[in-house]
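Participant: Here is a sequence with its predicted model. Questions after.
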Amino acid sequence: MSCAGQEEHLRPAAELDASGARAITGSLDAFVARSRADLARARDAVARLKSAPAAAPALQRLADYDDAMAALSDASARASVARNAHPDEAMRKAAETCEQEVDALATRFSLDRDIYRSLYALDVSTEDAATRHFLSRTLRDFRRAGVDKDEATRERVRELNEELVRIGQEFSRNIREDVRRIYIDPAELAGLPDDYVRAHRPGPDGKVSISTDYPDYVPFLTYAKSSRAREALWRVYRKRGHPGNLEVLSRMLALRHELAQLLGYPSWADYVTEDKMIGSAGAARAFIARISEASARRAAADYETLLERLRRDQPSAPRVEPWDAEVLKESMRAERFGFDAQSVRPYFPFARVQQGVLDVTARLFGLEYRRVEGAEVWHPDVTRWDVREKGALVGRFYLDLHPREGKYKHAAQFTLVSGQAGRRLPEAVLICNFPRPGPDNPALLEHGEVITFFHEFGHLLHHLLGGRTRWAGLSGVRTEWDFVEAPSQMLEEWCWDADVLRSFALHSSTGAPIPADLVERMKAADELGKGLRVRQQMFYAAVSLGFHERDPAEIDTTQLAAHLQETYTPFRAVEDTYFHESFGHLEGYSAIYYTYMWSLVIAKDLFTRFRGEGLMSEATAARYRREILEPGGSRPAAELVREFLGRAYNAAAYEEWLNAG
């Protein structure tokens, strides 16, 4: 399609500056009305496609379909942000309903044979590669959705998809809303950083409340000297979602299995892996086994190191308990490497870290971020930022970075608007749970939280920079799912470079930059426990895949999770804990948690170019942006990587990383 031809379905240029957040910040009625208007827009576009005469230009008909999907995508994205981040419970519930309505219409479209026939008849053989890829992928997705099945089967597929949306929302809501607490004596705060202690004053009863939210949980498990208190918090953390999610999860697995079989697959794992880079459930299983075997010796050595350290204090200790592992690691890091994780926290006050993320990425990719004062937002914590390049507005994002009641409990980038060249600016939301700064509290971050910030911002950049594709259906992070994490994982490498850190890691009291030797000791100390971390990730991957590989009627999820924990990690399964009921990835990722490690293999390979040419090399970053980020989903991920590296990716860099130290 020529540029002139595409102009036929462009919106007025002024609409490029319309904020996708406006519907979320208004009234509940306005939010619902905007969502239903998008549904109507999608129906109108599909009607145009289906009624178009055979002589109508192929690209115009494909554009009608693309418009319909873009309307549904943006409505779904807004609903997801509101469901996970809006402070008003009524708005969150309305967003759930809107999301269900969007998904129901999307499912109906995916099973509509008239739409499929209209698209199948299109001849795009002389068009550009992205257009051919878009149509080919679209037709494949129709077939995978079941468009070729008989009417009764398609109706049941529709029912299953709609029910799965509702069940997935329920599973996530049960996790999001289940914040648990322990109440301890002030003496049991021993070992915690001073700012943590100041933020956790005793209540009227003299007890200190510690919640399962990340800013409370992670430091407590890392630093608290009281094993009894750590165990108490660890146990309640692993009861989030229980008992409700046990039954919800069973229903979710059963419906997925039925859906997969209706579509002609032995299991949900077989179905959901087919269109990924990995290609099959068997290949995913083999990958998990391969990484587990490669890390086995190192994980065993890590565990023996921790047990040896524990027995210096408790000679008769039979094992290391999971709630003791992080404290023991910290002790060993101090003794072996002279590194105390608390020593780097003063260099990571929240505000400086945020500015560092912005400064480093802006310089790297030739962007400018401008905060928009007085912008319409859904909570006072939220800030809006316009993204400019050479003065032109190219996208925007929102930062929602501190915990509150009813909000999503982890860290993730959420799409708000999928961009499209000449039509819509890409918009994204970063939803995290970092400590909130106060007048006397700079909110010092752990280095792991700095990594999280860079990681999630990597997703955001992928969405924004990939948001100027010709087709909305290829915009942003629309590569194969097992490549999605690679760009964000690669950006984590900047958190380990002394020169990069010294540009923003300034001591909260003295203003001095973080010393290079402290960074080196931090890097050396991080090697301790790497094998255990990899095996823990393989445990998560094995749970994700194992729950979906066979008929769930044959599975006791609690027993299987316990068995897999003891298979992949050296830590015992603890009775009356239910990790899987708060394993939020089971809703979105379902069987494919393996993708995190698969992507990491690719990310380590991608980073070899920056490692060789300089982390702040503008030329390398420009090539990476052009060949990896900007195409969005316009080409298969393996082709993008080959273009950037000049060869097919391999595991050499990953193996070097795994065996380092």
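Facilitator: Nice, thanks for sending it over. Residues are numbered from 1 along each chain as shown.
Participant: Who are the packing partners of the helix or strand hosting F31?
Facilitator: Per DSSP states H and E: F31 is located in helix 28-51. In terms of contacts (3 or more CB pairs under 8 Å, 6 or more residues apart in numbering; DSSP states H and E), helix 28-51 is packed against helix 22-25, helix 58-85, helix 89-110, helix 113-120. (C-beta placed from N, C-alpha, C; glycine too.)
Participant: swap the cut-off to 6 Å and go again
Facilitator: helix 58-85, helix 89-110, helix 113-120 (3 or more CB pairs under 6 Å, 6 or more residues apart in numbering; DSSP states H and E).
Participant: Buried deepest among these, which one?
Facilitator: helix 58-85 (a mean of 23; mean count of other CB atoms under 10 Å).
Participant: tilt between that one and helix 89-110?
Facilitator: On the basis of axes from the mean of the first three to the mean of the last three CA atoms, to 10 degrees, helix 58-85 is oriented at 150 degrees to helix 89-110.
Participant: can you offset everything so residue one is 55?
Facilitator: From this message on, residue numbering opens at 55, which makes the last subject helix 112-139.
Participant: Mind checking the pLDDT average for helix 112-139?
Facilitator: Averaged across helix 112-139, the pLDDT comes to 97.
Participant: Relative to H639, tell me which of the helices and strands packed on helix 82-105 wins on proximity.
Facilitator: Each of the helices and strands packed on helix 82-105 has some distance to H639 by CB to CB; the shortest is helix 112-139, at 14.4 Å.
Participant: Please point out which parts of the longest strand seen in the chain sit buried.
Facilitator: Criterion DSSP state E: the longest strand present in the chain is strand 446-454. With burial defined by 16 or more other CB atoms under 10 Å, the residues of strand 446-454 counted as buried are V448, G449, R450, F451, Y452, L453, D454.
Participant: Spatially nearest residue to the fourth one (excluding sequence neighbours)?
Facilitator: In space, not counting the residues next to it along the chain, F451 is nearest to A482; the distance is 4.6 Å by CB to CB, 6 or more residues apart in numbering.
Participant: Phi, psi for that neighbour please.
Facilitator: phi -140, psi 160 (degrees, to the nearest 10).
Participant: quick one: pLDDT of it?
Facilitator: At A482, the model reports a pLDDT of 97.
Participant: again with the one 4 residues further on
Facilitator: As predicted, C486 sits at a pLDDT of 97.
Participant: out of the helices and strands packed on helix 82-105, nearest to R387?
Facilitator: Short answer: helix 112-139, nearest of those by CB to CB, at 34.7 Å.
Participant: tell me the angle of that closest one relative to helix 82-105?
Facilitator: Using the same axes, to 10 degrees: helix 112-139 against helix 82-105 is 160 degrees.
Participant: looking at this, H456 is in a strand?
Facilitator: No - membership of H456 in a strand is not supported by DSSP: H, G, I helix; E, B strand; the rest coil, which gives coil.
Participant: Check the spacing between it and E143 real quick.
Facilitator: Separation of H456 from E143 (CB to CB, to the nearest Å) stands at 19 Å.
Participant: try E375
Facilitator: 37 Å.
Participant: Then Y170?
Facilitator: Look at Y170 and E143: by CB to CB, they are 40 Å apart.
Participant: just A465 next, same as before
Facilitator: 22 Å.
Participant: Output the below-cut-off pLDDT ranges for the chain.
Facilitator: 55-73 (pLDDT under 70).
Participant: those strands in the stretch 455-604 of the chain, which residues are they?
Facilitator: Secondary structure of the stretch 455-604 of the chain (DSSP state E, counting those that start in this stretch): strands at 466-471, 481-485.
Participant: can those go into TSV with extra columns for mean neighbour count and distance to L582?
Facilitator: TSV is the format used below for the strands of the stretch 455-604 of the chain (neighbours: other CB atoms under 10 Å; distance: least, CB to CB, whole Å):
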stretch	mean neighbour count	distance to L582
strand 466-471	23	28
strand 481-485	26	30
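Participant: got these as CSV, with distance to G410 columns?
Facilitator: Listed next are these as CSV, based on distance: least, CB to CB, whole Å:
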stretch, distance to G410
strand 466-471, 18
strand 481-485, 15
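Participant: Ok, which of those strands comes nearest E629?
Facilitator: strand 466-471 (31.5 Å).
Participant: quick one, the closest one and strand 446-454 angle?
Facilitator: Using the same axes, to 10 degrees: strand 466-471 against strand 446-454 is 130 degrees.
Participant: in its sheet, what does strand 466-471 sit against?
Facilitator: strand 481-485 (antiparallel) (DSSP bridges).
Participant: Give the closest residue to F402 in space, chain neighbours not counted.
Facilitator: Among residues not flanking F402 along the chain, L499 sits closest, at 4.2 Å (CB to CB, 6+ apart).
Participant: For that neighbour, list the residues it contacts.
Facilitator: F402, F404, V407 (CB atoms under 6 Å, 6 or more residues apart in numbering).
Participant: same question, S281
Facilitator: Here S281 is in contact with D378 (criterion: CB under 6 Å, 6+ apart).
Participant: again, only this time at 7 Å
Facilitator: Shown in contact with S281 (CB atoms under 7 Å, 6 or more residues apart in numbering): W377, D378.
Participant: What separation is there between it and L246?
Facilitator: 14 Å.
Participant: One more: S130?
Facilitator: Distance of S130 to L246, computed by CB to CB: 41 Å.
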